[in-house]
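1. whatever this is, show me its structure:
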Amino acid sequence: MRRSTAWAGARQQRRRAGRVPSRATGCGSAGALEERAPAKVNLDLLITGRRADGYHELDSLVVFTSPADRLVLQPATDLSLEVRGPFAAALDDADNLVLRAAHTLAAHAGRAPQARIVLEKNLPVAAGLGGGSADAAATLRGLDRLWRLGLGLAALAPLAERLGADVPVCLAARPARMRGIGERLEPAPDLPELALLLVNPNRLLATAAVFAALGALPAPPPERGPPPGESTALIDWLKGRPNHLEAPARRLLPAIDEVLDTLVRQPGCALARMSGSGATCFGLFTDAAACARAETALRHARPDWWIAAGSTVA
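-> Purely as a prediction, here's the structure:
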């Protein structure tokens, strides 16, 4: 799990009752609800400054993907969390953001934190995908529905901000531009759906260590205007806006070099880059079929890597 205003946004108006799409689960438990917690991908990540308190300021175009964690929430007489899935063992229950989110919302609503939560942990931990933050955001959304609070995204946003820098953007789970330390959010222009292949070498990489290895602030690239709405043009736009954390991450974990080199060699891969502070990397494809073929090839060649093909969520 990762560290810990309000932004309703124009895109929020497209969603009923100010919530991202979610549904009742088919697990057969009475009153159970399901929430997806999609992976957050930083298509670019510019470090623009450093504040007096030591935090770095950034400018990043963020999208969310079809690969996701999954939460099932149902009524209970107390609060419990069960973690399942391929990355369940990597979580530290003592500081789990899901439980913190539940307690934070219950205190805000003036009620007891009563819910049984099952987290299916499909995304790798400490991987640059905002997995813990996405789980916390999904918990806020799900418990808002389960407890019939009717708060919606705008009222939940200040609670999300208290839980961590990435939780507010994960709350809406829609493309956004993040600035400051993540608290300055604005909806992204309409972006095309992109096929992408997520690859992690199954190695942990601490965010704090990557920032510590950054050194001098990188020179900002020339301003390129807003991101375009056509896939090829968007990828060209991204080539002029790097991830400034990629170089220090590669120094700390050379396995990232191998992942990026492998991705860029896949037929149809138009751009390969690291997400967030790593170690997950992504390849962008304009052709979903080429992305699927690359997934099949890499799963065969590198069974020791975590690999997931999907698409961005508009």
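2. pull the contacting residues for residue 56.
-> Contacts were defined as C-beta atoms under 8 Å, 6 or more residues apart in numbering; by that measure residue 56 touches 47, 49-50, 181, 211, 214. C-betas here are computed from N, CA, C, even on glycine.
3. quick check: mean pLDDT across the helix or strand harbouring residue 258?
-> Element membership for residue 258 (DSSP states H and E) is helix 255-264. When pLDDT is averaged along helix 255-264, the result is 98.
4. also stretch 109-118?
-> Mean predicted lDDT for stretch 109-118 stands at 98.
5. ok, stretch 289-305 next?
-> The average of the pLDDT scores along stretch 289-305 is 97.
6. ok, residues contacting that stretch?
-> Contact partners of stretch 289-305, identified using C-beta under 8 Å, 6+ apart, comprise 195-197, 199-202, 259, 262-263, 266-269, 283, 285, 307-309.
7. among the residues you listed, name the buried ones.
-> With neighbours counted using 16 or more other C-beta atoms under 10 Å, the contacts of stretch 289-305 contain these buried positions: 195-197, 199-201, 259, 262-263, 266, 268-269, 283, 285, 307-309.
8. mind listing which of these are in strands?
-> Under the assignment DSSP state E, those contribute 195-197, 199-200, 269, 283, 285, 307-309 to strands.
9. what residue lies at the spatial centre of the protein?
-> In the chain, the C-alpha closest to the average C-alpha coordinate belongs to residue 40, at a distance of 2.1 Å (C-alpha atoms, centre = their mean).
10. that one belongs to a strand, doesn't it?
-> Yes - inclusion of residue 40 in a strand is indicated when DSSP: H, G, I helix; E, B strand; the rest coil is applied.
11. contacts only, for it.
-> For residue 40, the contacting residues are 62-64, 129-130, 133-134, 166, 169-170, 275-276, taking C-beta under 8 Å, 6+ apart as the criterion.
12. mind running it again at 7 Å?
-> When the contact criterion is C-beta atoms under 7 Å, 6 or more residues apart in numbering, the partners of residue 40 are 62, 64, 129-130, 134, 166, 169-170.
13. and what of residue 61?
-> Residue 61 makes contacts with 43-44, 177, 188, 227, as judged by C-beta under 7 Å, 6+ apart.
14. please flag which of the residues you listed sit within strands.
-> Per DSSP E, the subset of the contacts of residue 61 in strands is residue 177.
15. who wins for neighbours among the contacts of residue 61?
-> Neighbours were tallied for each of the contacts of residue 61 (criterion: other C-beta atoms under 10 Å), and the maximum of 26 neighbours falls on residue 43.
16. so the closest residue to that residue other than its chain neighbours is in which element?
-> Closest residue in space to residue 43, ignoring its immediate chain neighbours: residue 61 at 4.6 Å, by C-beta to C-beta, 6 or more residues apart in numbering. With elements taken from DSSP H and E, the one containing residue 61 is strand 56-74.
17. any of the contacts of residue 56 buried? List them.
-> Of the members of those, the ones counted as buried by neighbours, 16+ other C-beta under 10 Å, are 47, 211, 214.
18. assign the second one to helix, strand or coil.
-> Recorded secondary structure, residue 211: helix (three-state DSSP).
19. for residue 252, see how far away it is.
-> Residue 211 sits 11 Å away from residue 252 when distances are taken as C-beta to C-beta, to the nearest Å.
20. same question for the first one.
-> Here the criterion is C-beta to C-beta. By it, residue 47 lies 16 Å from residue 252.
21. number of residues surrounding residue 304?
-> 7.
22. ah, wrong one, I meant residue 190
-> Using other C-beta under 10 Å, residue 190 has 11 other residues around it.
23. surely it meets residue 230?
-> No - no contact is recorded between residue 190 and residue 230 when judged using C-beta atoms under 7 Å, the distance being 10.4 Å.
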